[in-house]
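Student: Output the structure for:
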Amino acid sequence: MKKSLLLLSLGIFSALQLAGAADITGVINLKGTAPAEKELSPIKDDPTCSASYPGALPKTKFYVVSAGGGLADVIVSLKGISGKSTGASAAPLVLDQKGCLYYPQILAVQTGQKLIVKNSDTCVHNVHTVPKENAPQNLVQMPGGADLNFTFDKPEPFLKFQCDVHPWMFAWVSVFDHPYFAVSGADGKFTIKDVPPGKYTLEAAHRKLGVQTAEIEIKDTGAAQNFTFEIK
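Tutor: Sure, this is the predicted structure:
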């Protein structure tokens, strides 16, 4: 009887928390002119990879900026919320290899959340993780081969994926032990969903431009917070 009452109380508490949860929205902007991206010239020396680019070769994508100044690929997250991962039940995310490049280049997952790595190319890749907190892995993936599945046990910002066969191929995966994060889109906008009411520190992290923080309070109507990164 006591156990049933406890479970009922916990269920009611969780429902109340969810009922009061709201979204954090915002825009990441870039002030100033981003450095010119560099052509990935080594691709031309690989016939299989260069076949994907009959015209101009692709360039690096370190600073993805919209016409309106919105900055993509910024990881926005709540700080100080640990041990609340729902990764084991979260939908898997996909990291693909196409044209000898990783897509997307920047993404974020929870601890315990499955990350599926695909090889959509006609050449072999090796998927090599270079972490600082998690265990490294280095797996060969043949063209048309089975998907590779990755999970991570520890939080870690910008965990690097690389291909040693094609040394220009990189992706970075930020790992969190909670679900309160987002990656800014091509227009610089982001949404962190279903945040419980309270006061938090919100962090915006760009791999090249560093980290900014802001104090924010979430009420049942949600909250908005913008960030501006500056290049002088």
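
Student: Quick check: what element follows the helix or strand of the chain with the lowest mean pLDDT along the chain?
Tutor: One helix or strand of the chain scores below all others by mean pLDDT, DSSP states H and E: helix 2-20, with a mean of 45. As assigned by DSSP states H and E, the chain's next helix or strand after helix 2-20 is strand 22-31.

Student: tell me the mean pLDDT over that following strand?
Tutor: The average pLDDT for strand 22-31 rounds to 98.

Student: Restrict the helix or strand following it to CA atoms and write it as PDB.
Tutor: Following strand 22-31 in sequence order, the next helix or strand is helix 47-50 (DSSP H and E). Backbone C-alpha positions of helix 47-50 (Å, rounded to 0.1, in the frame of the first residue of the first chain) are rendered in PDB as follows:
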ATOM      1  CA  PRO A  47      38.900   9.800 -57.700                       C
ATOM      2  CA  THR A  48      36.000   8.300 -55.800                       C
ATOM      3  CA  CYS A  49      35.400  11.300 -53.600                       C
ATOM      4  CA  SER A  50      36.000  13.900 -56.300                       C
END
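
Student: buried ones in helix 47-50?
Tutor: Within helix 47-50, the residues scored as buried using 16 or more other C-beta atoms under 10 Å are C49. Using the backbone N, CA and C atoms, a C-beta is placed for each residue, glycine as well.

Student: how far out from the middle of the chain is that helix?
Tutor: In terms of C-alpha atoms, centre = their mean, to the nearest Å, the centre of helix 47-50 is set 28 Å apart from its chain centre.

Student: C-terminal to that helix, what's the next element?
Tutor: The helix or strand immediately downstream of helix 47-50 is strand 75-79, counting by DSSP H and E.

Student: Parallel or antiparallel, which strands does the helix or strand just after that following strand pair with?
Tutor: Using DSSP H and E, the helix or strand that follows strand 75-79 in sequence is strand 93-98. Strand 93-98 has the following sheet partners, assigned by DSSP bridges: strand 101-103 (antiparallel), strand 115-119 (parallel).

Student: Tell me which of those sits nearest to F170.
Tutor: strand 101-103 (6.6 Å; C-beta to C-beta).

Student: just checking, what packs against whichever helix or strand comes after that closest one?
Tutor: Per DSSP H and E, the first helix or strand lying C-terminal to strand 101-103 is strand 106-110. Packed against strand 106-110, as judged by 3 or more C-beta pairs under 8 Å, 6 or more residues apart in numbering; DSSP states H and E, are the following elements: strand 75-79, strand 93-98, strand 170-176, strand 181-183.

Student: List the residues that contact the residue lying closest to Q141 once chain neighbours are set aside.
Tutor: Leaving aside its chain neighbours, Q141 sits nearest to N119 (4.6 Å; criterion: C-beta to C-beta, 6 or more residues apart in numbering). Applying C-beta atoms under 8 Å, 6 or more residues apart in numbering to N119 gives the contacts D96, Q97, H125, Q141, M142, P143, G144, G145.

Student: what's the answer for P42, then?
Tutor: Residues near P42 by C-beta under 8 Å, 6+ apart: H166, P167, W168.

Student: Next, find the distance separating it from P58.
Tutor: As for P42, its distance to P58 is 11 Å (criterion: C-beta to C-beta, to the nearest Å).

Student: cool, A51 as well?
Tutor: 13 Å.
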